[in-house]
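Peer 1: Predicted model and sequence below, questions to follow.
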Amino acid sequence: MSSWRNHRVIIASLFLPTTAVLGESNPPSPHNLTPIPTPVPGNFKLPESVTGTPPPAPRAPLLRGSGPLRSIVEDLKDKSRAVSPAGTPGSETINPFARFAELATPAPSKPSTPLPTQQSFSASPTTTEPSSQSPRPRRTLTDHHIPHRIQRKASRSSSTRRPYVGTTSPGGESDVETVGGRGWHVEFNPHCNGGLRNAVNSVQDRFNKRQVWVGVLSSNTDSWSDPLKRNVERKMKDSYGSVVVWIPDGEFSGCYDGFCHQVLWPALHYAVPDAPKTKFFFETTSYKQYVAVNQRFADAIVKNYQEGDIIWVNDYHLMLLPALIRAHLPHAPIGFFHHVAFPSSELFRCLSVREPLLRGVLGADLIGFQTANYARHFRQTVSRILSLEALPKGIQVDDHGNGPSSVTNPGEGGGDGKAGRFVDVGVFPMGIDVGLLGEKRRDPEVGEWVKSLKQRYAGMKMIVGRDKLDEVQGVRHKIQAFEVFLEKHPEYLGKIVLIQVALQTTETNELQGGVADVVARINSRFSTLTYQPVVFLHTDDLSFSQYLALLTCADAFLVTSLREGMALRTHEFVECQEERHRPLILSEFTGSYSYSGFRSCIAINPWDARSTADAMYKALTMSDEEADARWEDLHNHVVTQTAQAFVTSFLTRALRCNLEHQQSDSKEVAPLDLSRILPRYRHSSKRLLLIDFEGTLWKRDPTTRVWNPPQDVFDLLNKLAGDGRNEVWLLSGLAVKGAMEEVASKCPKIGIVAENGCFIKPRPGRTGSAPWINMVSNFNLTWKSACIEILNYFTERTPGSFVEEREASIVWRFWSGPVDESSGNRAWARRQAAEAQNHIFDSLGERYGLRIIPGANSFLILPNNISRSTAVGSILHPGGPAHSGVAARASWMSPDAIEPNDVTDIDFVLAVSGDEKLLRRLNELDHSETCSTSLKGTDAKWKLDSEFAMQTLWQIARVP
């Protein structure tokens with residue numbers, strides 16, 4: 001398979017990593033021009049010592065002073081204990097970096113000189129002149145999947161949050177352009193998916209071809225002239241590898257601010273959606289604008305697509321995009337990654353546009369999620385809402401009603417009538433670029449800020465957090481828990497501070513977060529003339545070096561999210577604690593907590609303020625030995641779950657899935673041609689014949705459960721085994737007792753594989769008949785009772801279904817009637833089967849090491865590493881139990897092991913089976929002829945209708 005490194009990757013994300021902005025940028029003089037630096041979070045600014053330019057005016061705080069303050073005492077004299085007005089908690093005037101701003105560039109000649117005071121961050125905006133040039137941000141490390149619910153800005157002058165970030169393109173051209181008298185320049189886009197951008201940048205050197213980004217700019221563009229747009233489009237594509245999607249401002253606002261943030265975002269994060277409200281958005285223009293935006297993305301991607309490109313669609317803003325692309329590019333590799341949480345089906349089903357959203361995502365070859373829980377929720381949602389077969393590995397899509405019209409117009413069909421395809425669903429946890437973070441931490445500036453913080457908070461404990469101020473991030477819950485902590489442990493008053501770094505969001509979201517009032521209450525209640533317990537720092541007031549210093553000095557890092565995908569800021573904290581090893585307090589509702597490596601944190605329920613307060617106390621009083629052990633587990637996980645691993649695994653899997661789908665769809669397998677097989681069979685000296693029993697030799701009626709194979713089957717087997725050059729093996733899924741014992745007695749010269757590899761009866765040797773070998777004798781089979789209990793539950797709810805318990809496996813037959821796909825009862829049975837498989841896999845699969853093999857009317861549950869393929873491996877392997885009689889686990893039990901070199905005395909292998917895994921394995925042998933009896937896509941060399949299997953095998957048996 002070709003590596004993804006040799007393919008161009010088209011990355012579709014709502015916002016581009018870089019953006020074009022109108023207005024004067026005041027770039028540095030020509031001799032200072034440098035390429036755009038590696039970016040850091042767009043939420044952080046660089047200090048003056050790095051940029052050479054004064055910092056922009058800080059945001060006005062909630063509690064404003066009347067002028068520059070020289071000390072905390074003077075600041076607190078002016079503080080009112082009245083309730084704070086509703087609004088964002090401002091940067092406290094005791095900003096720990098305010099008094100030490102000049103430590104970023106310490107004067108070596110006067111190290112002992114007292115630090116001069118600077119204007120407090122509480123200064124009124126009218127007293128502070130804004131900077132003429134904003135600083136350049138650095139590379140983003142964690143401002144990733146949490147959406148920036150901010151409207152696109154009309155111009156540069158309308159936003160004080162958009163810093164100028166570059167002066168030249170990667171090719172060396174100047175970023176500053178002028179068209180028709182209007183100047184524009186290129187900036188890093190603070191609204192883009194920073195985690196995705198950094199993950200792609202972390203493997204930049206592994207791409208043999210330059211990737212292409214597709215997205216929108218962060219500015220309103222209706223007022224831009226056509227020549228200006230063409231100039232921007234050319235510059236962005238040629239110099240930055242970005243394809244600009246032009247969207248009218250009103251259309252974008254309706255999609256982004258309306259549907260995405262008022263409908264999708266709350267529903268995905270377990271805020272029960274208001275059904276009438278979602279219906280309103282669908283019936284008006286909001287959903288139509290969402291569809292239109294996705295269609296514009298699809299048009300741009302189709303226009304720029306080249307044969308061999310991998311298309312990577314990202315996040316909930318573009319859930320319709322995969323199906324829209326698939327309608328025009330049916331064979332293109334398409335992967336969709338959902339960066340945020342995905343809720344239970346009970347929440348998602350409340351959306352009035354649930355079906356087109358799901359069908360849109362199912363246009364991809366691969367759908368990725370941050371955690372196994374989110375992937376399971378998606379499979380269950382698809383199963384319950386679309387009645388599709390949802391398996392642990394993905395979704396079987398029938399393509400009926402899954403065309404583009406069913407995406408844009410729910411309820412309308414649009415399928416092409418094909419048999420359908422399989423969509424893989426996988427888990428790909430995002431991580432950070434550990435190497436880059438380590439490089440940033442070693443910056444001398446970070447060390448200076450660490451010294452500043454230690455001096456500022458000498459003898460005090462620091463709890464640090466970094467969140468948006470909206471309701472989902474749980475900042476209000478965090479502050480309330482801190483208040484409970486101070487009440488329960490008054491001995492910490494004056495000895496502890498909670499420093500909360502607040503990410504940018506809209507004023508409406510901040511008000512909904514309800515943080516301002518509780519912060520004001522706590523500070524007014526517990527503050528003294530020299531102490532304030534809660535300090536808020538907006539990222540506008542904090543450089544990235546200062547943020548890393550905070551993480552380094554923190555005695556605990558606290559995350560109280562009510563629901564979140566992957567909290568990458570916790571990864572940063574772990575790495576910044578390489579020397580101190582202080583504990584992490586983490587909400588159990590974050591995606592990070594679902595991974596075993598992060599179970600070494602102190603887990604909390606953010607809704608329980610008392611338990612969160614207890615967790616704070618535990619973190620502050622934890623012994624060094626326990627903290628070291630916990631940190632080691634966290635660190636091992638962070639350095640394994642990296643940004644590089646995320647990109648590599650997702651693109652590799654997406655490409656492989658597409659290739660597998662194309663092979664199964666397009667490969668034409670010829671019918672078995674005996675005229676080409678029989679000459680080789682006739683002149684071979686030793687042959688291995690592997691034949692399926694059920695479905696090939698015997699058409700079993702599962703409804704009667706009667707053992708009645710015709711005598712002709714036994715005669716055929718004895719005829720084949722009577723040839724001394726033939727070694728005949730019968731492959732079956734039936735139990736040993738009863739069925740296979742009778743076969744063994746009627747056909748004593750053949751070998752038998754029963755229960756899909758759980759038991760093997762070797763061919764008779766020199767000492768006579770060989771006993772049955774139990775291949776699962778060392779396996780834990782206690783899972784069977786729990787599995788049967790689950791299946792009995794579904795059996796009661798599925799008419800005509802029943803459970804078949806075998807020695808080491810279980811079969812549930814969910815349908816025993818005629819196969820009529822239009823039947824409502826069959827659709828219900830398939831839906832129940834999908835739910836049963838998911839339930840068994842989630843509750844027992846990982847714990848006991850089980851796998852599930854789905855069929856048309858049933859599915860099989862059996863232990864991992866046991867299959868007809870591994871059974872044949874034991875037959876081929878000289879040291880296997882079929883030869884040695886030893887049932888111990890050995891090299892032949894590896895499901896991927898191939899032993900072609902061990903088969904030295906067999907010069908002809910014929911396999912007639914419907915087991916694709918077995919057929920693929922046998923294809924590796926030089927003298928094999930594989931023949932599939934299934935009607936699905938196959939990798940076998942031949943295909944054979946099971947109706948003619950007996951006739952064909954009799955022709956082979958009669959060859960002299």
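Peer 2: It's in. Residues are numbered from 1 along each chain as shown.
Peer 1: quick one, domains of the chain?
Peer 2: Per the record, the chain has its domains at 183-406+418-427, 434-641, 674-775+866-958, 782-862, by the TED database.
Peer 1: Dump those into CSV; add distance to residue 660, mean pLDDT and mean neighbour count as well.
Peer 2: Every C-beta, even on glycine, is put in place using the N, C-alpha and C of the backbone. Below are the domains of the chain laid out as CSV (distance: least, Cβ to Cβ, whole Å; pLDDT from 0 to 100; neighbours: other Cβ atoms under 10 Å):
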stretch, distance to residue 660, mean pLDDT, mean neighbour count
domain 183-406+418-427, 8, 87, 20
domain 434-641, 26, 91, 20
domain 674-775+866-958, 9, 83, 18
domain 782-862, 16, 87, 17
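Peer 1: and residue 517, that one's in a helix?
Peer 2: Yes. Secondary structure of residue 517 (DSSP: H, G, I helix; E, B strand; the rest coil): part of a helix.
Peer 1: how close does it sit to residue 606?
Peer 2: 18 Å (Cβ to Cβ, to the nearest Å).
Peer 1: Spell out which residues sit in contact with the residue nearest to residue 609 when sequence neighbours are not counted, please.
Peer 2: In space, and not counting its chain neighbours, residue 609 is closest to residue 481: 4.3 Å by Cβ to Cβ, 6 or more residues apart in numbering. Taking Cβ atoms under 8 Å, 6 or more residues apart in numbering as the criterion, residue 481 is in contact with 560, 606, 609, 610, 612, 613, 616.
Peer 1: For the helix or strand harbouring residue 481, what is the distance to the chain centroid?
Peer 2: In this structure, residue 481 sits in helix 475-488 according to DSSP states H and E. The chain centroid and the centroid of helix 475-488 are separated by 32 Å, computed with Cα atoms, centre = their mean, to the nearest Å.
Peer 1: what's the following helix or strand after it?
Peer 2: strand 496-503.
Peer 1: which secondary structure elements does that next one contact?
Peer 2: The helices and strands touching strand 496-503, judged by 3 or more Cβ pairs under 8 Å, 6 or more residues apart in numbering; DSSP states H and E, are strand 461-468, helix 475-488, strand 534-538, helix 544-553.
Peer 1: repeat that for 7 Å
Peer 2: strand 461-468, strand 534-538 (3 or more Cβ pairs under 7 Å, 6 or more residues apart in numbering; DSSP states H and E).
Peer 1: Okay, now the sheet partners of the first one, with direction.
Peer 2: Pointing back at strand 461-468 there. strand 496-503 (parallel), strand 556-559 (parallel) (DSSP bridges).
Peer 1: Would you reformat the ones you listed as TSV and include distance to residue 836?
Peer 2: Output for these, formatted as TSV (distance: least, Cβ to Cβ, whole Å):
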stretch	distance to residue 836
strand 496-503	43
strand 556-559	36
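Peer 1: Quick check: which element contains residue 911?
Peer 2: Judged by DSSP H and E, residue 911 forms part of strand 908-913.
Peer 1: can you list contacts of the helix or strand following that strand?
Peer 2: For strand 908-913, the following helix or strand on the C-terminal side (DSSP H and E) is helix 916-922. For helix 916-922, the surrounding residues in contact (Cβ atoms under 7 Å, 6 or more residues apart in numbering) are 867-869, 872, 898, 909, 911, 913, 928, 930, 932, 938-940.
Peer 1: Go again with 6 Å.
Peer 2: With Cβ atoms under 6 Å, 6 or more residues apart in numbering as the test, helix 916-922 has contacts from 868, 869, 911, 928, 930, 939, 940.
Peer 1: List the ones among those residues that fall in helices.
Peer 2: 868, 869 (DSSP state H).
Peer 1: which one of the contacts of helix 916-922 sits closest to residue 286?
Peer 2: Among those, residue 939 lies closest to residue 286 (Cβ to Cβ), at 46.6 Å.
Peer 1: For that closest one, which residues are in contact?
Peer 2: residue 920.
Peer 1: Tell me how far the nearest residue to residue 454 once chain neighbours are set aside lies from residue 526.
Peer 2: Nearest residue to residue 454, sequence neighbours excluded (Cβ to Cβ, 6+ apart): residue 553, at 6.3 Å. Look at residue 553 and residue 526: by Cβ to Cβ, they are 22 Å apart.
Peer 1: One more: residue 907?
Peer 2: For residue 907 relative to residue 526 (Cβ to Cβ), the value is 86 Å.
Peer 1: do the same with residue 554
Peer 2: Where residue 526 is concerned, residue 554 sits at a distance of 20 Å (Cβ to Cβ).
Peer 1: same thing with residue 738?
Peer 2: 77 Å.
Peer 1: now swap in residue 746 and tell me
Peer 2: 87 Å.
Peer 1: ditto for residue 359
Peer 2: From residue 359 across to residue 526, the span is 54 Å (Cβ to Cβ).
Peer 1: Also residue 211?
Peer 2: According to Cβ to Cβ, residue 211 and residue 526 sit 51 Å apart.
Peer 1: wouldn't residue 689 be in contact with residue 730 here?
Peer 2: No. The criterion here is Cβ atoms under 6 Å, and residue 689 misses it with residue 730 at 9.4 Å.
Peer 1: before we move on, the earlier item: so which of the strands paired with strand 461-468 comes closest to residue 189?
Peer 2: Going by Cβ to Cβ, the one of those nearest residue 189 is strand 496-503, 15.4 Å.
Peer 1: Also compute the angle for the closest one relative to helix 475-488, please.
Peer 2: On the basis of axes from the mean of the first three to the mean of the last three Cα atoms, to 10 degrees, strand 496-503 is oriented at 180 degrees to helix 475-488.
Peer 1: Just want the angle from strand 496-503 to strand 534-538.
Peer 2: 20 degrees.
Peer 1: Off-centre distance for strand 496-503?
Peer 2: Centroid separation for strand 496-503 versus its chain: 29 Å, with Cα atoms, centre = their mean.
Peer 1: and if you look at stretch 335-344?
Peer 2: 7 Å.
Peer 1: CA atoms of it as PDB?
Peer 2: Output of stretch 335-344 as PDB, limited to C-alpha atoms (Å, rounded to 0.1, in the frame of the first residue of the first chain):
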ATOM      1  CA  GLY A 335     -11.600  11.000   6.200                       C
ATOM      2  CA  PHE A 336     -13.700  12.900   8.600                       C
ATOM      3  CA  PHE A 337     -12.400  13.800  12.100                       C
ATOM      4  CA  HIS A 338     -14.800  15.000  14.800                       C
ATOM      5  CA  HIS A 339     -12.700  17.100  17.200                       C
ATOM      6  CA  VAL A 340     -15.400  17.700  19.900                       C
ATOM      7  CA  ALA A 341     -17.600  15.500  22.000                       C
ATOM      8  CA  PHE A 342     -20.300  13.400  20.400                       C
ATOM      9  CA  PRO A 343     -23.300  12.800  22.700                       C
ATOM     10  CA  SER A 344     -25.500   9.900  23.400                       C
END
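Peer 1: Report the contact partners of residue 200.
Peer 2: Here residue 200 is in contact with no residues (criterion: Cβ under 6 Å, 6+ apart).
Peer 1: tell me which element residue 426 is part of?
Peer 2: strand 421-427.
Peer 1: Other residues contacting the very next helix or strand once past that strand?
Peer 2: Next helix or strand after strand 421-427 toward the C-terminus (DSSP H and E): helix 434-441. Under the contact criterion Cβ under 6 Å, 6+ apart, helix 434-441 has outside partners 548, 575, 639, 642.
Peer 1: What of stretch 579-599?
Peer 2: 370-371, 373, 555-567, 570, 601-604, 606, 615, 619, 622, 627-628, 630-631, 633, 637.
Peer 1: Likewise for stretch 711-728?
Peer 2: By Cβ under 6 Å, 6+ apart, stretch 711-728 touches 686, 687, 688, 689, 697, 698, 746, 747, 749, 750, 953, 957.
Peer 1: Thank you, goodbye.
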